[in-house]
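Student: After the sequence you'll find the predicted model.
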Amino acid sequence: EHHPNLMGFDQWYGMWGGSRSYYNATSEDNVFQRQMTPVFADEGSGYLTDRIGDKAVQFIDDHMQSDPGHPFFMYVSFTAVHGPNDLQFMDARFARLQNEFGLTEADYTNAPIVFGGDAAKTKLERYRLAAMTLAMDENVGKIVDKVNSAGLSPNTIFVYLSDNGGPGWASGSGGNWSYNVPLRGYKGGSTQDGSVRVPGMICWPGTIPAGQVVTAPVSSLDFMATCVNSGNPPAAARNGLDGLDLLPLLRDGTPLPADRVLTWRAGGATSAGSAARIGDWKMLVNDATGLTTLYNLRNDIDENNDLAASQPAILANLKKRFLAWETLTIPPLYGTADTEEDSGLERWAISGGLRLRNDSAPIRWLSASFREPVGSSSDFSFSFLMRASEPVGQPAGSGLWQGIGESSTRGNFIRFGISAGDPALVITEGKNGNSASVSLPSLPVDFAAATLTYTAASKTLELRTGATAVSLVLTGSYGPFTHHAMGAAAMEGELTTLRPGSASGMESETTLIQLEKDQPVRLSVGFQSDPPFWPKLERSGDLSNFVSAADALIEYRGGGRYMATAPAPVLPAEFFRFNLNTR
């Protein structure tokens, strides 16, 4: 279901798997496909980077012949400069390096040895990496030249960027002997800048002035908003995007919002690493130990001078913004994450959570660690949203559940949610089977807000949605809760992730930025956790008849912060509010 032809692309030429040879495929998993058909005849017909570049040029030629007046979007994913480093030394790129650039293998004699290996191997492979880079540069040039010769460049936005920092040396096929200094870190090993900072370029002849060097931190997410906004669409088409429009910055020099935060999380909440950045300030989180460090990248590009002790307010703000963002990130299943998913459970990402499906009983779970354990000796509360995909006809034993536990052991989870066959609101102790339930008038088919509240003094859990509530006194012995989970039994439904605090306590601050006659309305709003659905701005003249401000632009600035901009008030007195209703 993730095939490009099923995700909106009309044409596709590429391979499923990466890390393949640049000459011949070794398995059907990474042989070239045209649409959904493997094309074994294409293998062995040249260097892989050249083949991708040639196919991109061919696409432009075909398009100009068949439909020259229609816009197109082309996404060209070169495998270069990824391993394996198998560019053969008879390739013409090595002659170009020497004759045009004066670069030979001897220039790498004193290259630093990264992650092992030896000096001779490092010298050889770094020279090979230079030729691989030149091959990619040539093929990017083919595409640019074709766009220019077709007369399309004034209406074409070019974006070039890498997916991650250099991987250094590795024993497997993923390494390419990259050398990231002065940045610290390498691909996949951390969220230091050597892992996440990448080269990027954008070009739009006639619109974006050439020759600029932009030092403001941006995200690859911003290119979606930038391309959408380039066509001057209505505000409604621009809302709901995580990134910011870069055109005002690139075209006019308009600074990006100073409160914009960028966030990273590699692996799970207790592995790899996490980070947040506002302006020049960057916080690193060691997920294994919980240690946070703080760096000023303008003065300390290699993240070597920890300023956490001397700048506690900056660190606290970064941590607050990071945690607001993280509350709605779903448990990852990739790399070093400690997520466990039971066989038979199907899951799809939704805004702030997951759609789960399990065609049979008993419950099947997806679980992961909390960033910080939740103590059972103190009060706590969590809020979430839930709804069933089918309102009637659910079999006995069906349900949609959240869970918390002292470990990933399924049978010990405290589970809470809806039993669909009844229907009922239920809390159950996994350790001893104790349970409490109360009937629901019907299953929620629109998202219903639910809050779980724990009172430590009485060891009582209460689960509430609307006017319906159920309580259970825990009789089992519990230490800190280290894991959270989502599960389903014999049904399909949707759950958002657990958010600290009740739904009514989500909003932490609302600041009036500008509200003057004949001036645009600008409102900033912040949340303790990102709301699972995009905030909507509404306006009214009498505090009773609020209507959607359809022409309002809502920009996401990361970490629970949103900015709404609407045209100037048209009434003598006008009121504005943010609405988080899911309808």
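Tutor: Now that the structure is in, tell me what you want to look at.
Student: My guess is Q212 contacts L250. True?
Tutor: Yes: the criterion here is CB atoms under 8 Å, and Q212 meets it with L250 at 6.9 Å. Quick note: C-beta positions are derived from backbone N, CA and C, even for glycine.
Student: Which one's more surrounded, those two?
Tutor: Per other CB atoms under 10 Å, whichever of Q212 and L250 has more neighbours is L250, with 19 against 11.
Student: Just give the closest residue to that one, not the sequence neighbours.
Tutor: I208 (4.7 Å; CB to CB, 6 or more residues apart in numbering).
Student: okay but that neighbour is in contact with P248, surely?
Tutor: No: at 11.1 Å, I208 does not count as touching P248 under the criterion of CB under 8 Å.
Student: And the two? Which one has more around it.
Tutor: Using other CB under 10 Å as the criterion, I208 and P248 rank with I208 on top: 17 against 14.
Student: Give me the distance between the more buried one and L241.
Tutor: 20 Å (CB to CB, to the nearest Å).
Student: Just give the closest residue to G353, not the sequence neighbours.
Tutor: T496 (3.6 Å).
Student: Please enumerate the strands of the stretch 251-400 of the chain.
Tutor: For the stretch 251-400 of the chain, the strands defined by DSSP state E, counting those that start in this stretch occupy 261-266, 273-278, 281-285, 292-296, 340-341, 346-350, 353-358, 364-374, 380-388, 399-405.
Student: Just put these in a markdown table and tack on distance to A566, mean neighbour count and mean pLDDT.
Tutor: Output for the strands of the stretch 251-400 of the chain, formatted as a markdown table (distance: least, CB to CB, whole Å; neighbours: other CB atoms under 10 Å; pLDDT from 0 to 100):
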| stretch | distance to A566 | mean neighbour count | mean pLDDT |
| --- | --- | --- | --- |
| strand 261-266 | 23 | 22 | 93 |
| strand 273-278 | 26 | 24 | 95 |
| strand 281-285 | 31 | 24 | 97 |
| strand 292-296 | 36 | 20 | 97 |
| strand 340-341 | 43 | 16 | 96 |
| strand 346-350 | 28 | 14 | 93 |
| strand 353-358 | 29 | 21 | 96 |
| strand 364-374 | 36 | 19 | 94 |
| strand 380-388 | 27 | 21 | 94 |
| strand 399-405 | 37 | 24 | 97 |
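Student: Could you dump those strands into CSV with distance to R321 added?
Tutor: Below are those laid out as CSV (distance: least, CB to CB, whole Å):
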stretch, distance to R321
strand 261-266, 5
strand 273-278, 6
strand 281-285, 9
strand 292-296, 13
strand 340-341, 29
strand 346-350, 22
strand 353-358, 21
strand 364-374, 14
strand 380-388, 19
strand 399-405, 25
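Student: Can you classify the residue nearest to L250 as helix, strand or coil?
Tutor: coil (DSSP: H, G, I helix; E, B strand; the rest coil).
Student: Please report the distance of it from V198.
Tutor: 19 Å.
Student: How about T263?
Tutor: Taken as CB to CB, the span from T263 to V198 is 16 Å.
Student: For this structure, identify the residue most remote from the centre.
Tutor: N99 (43.2 Å; CA atoms, centre = their mean).
Student: That residue - that's part of a helix, no?
Tutor: Yes: counting by three-state DSSP, N99 is located in a helix.
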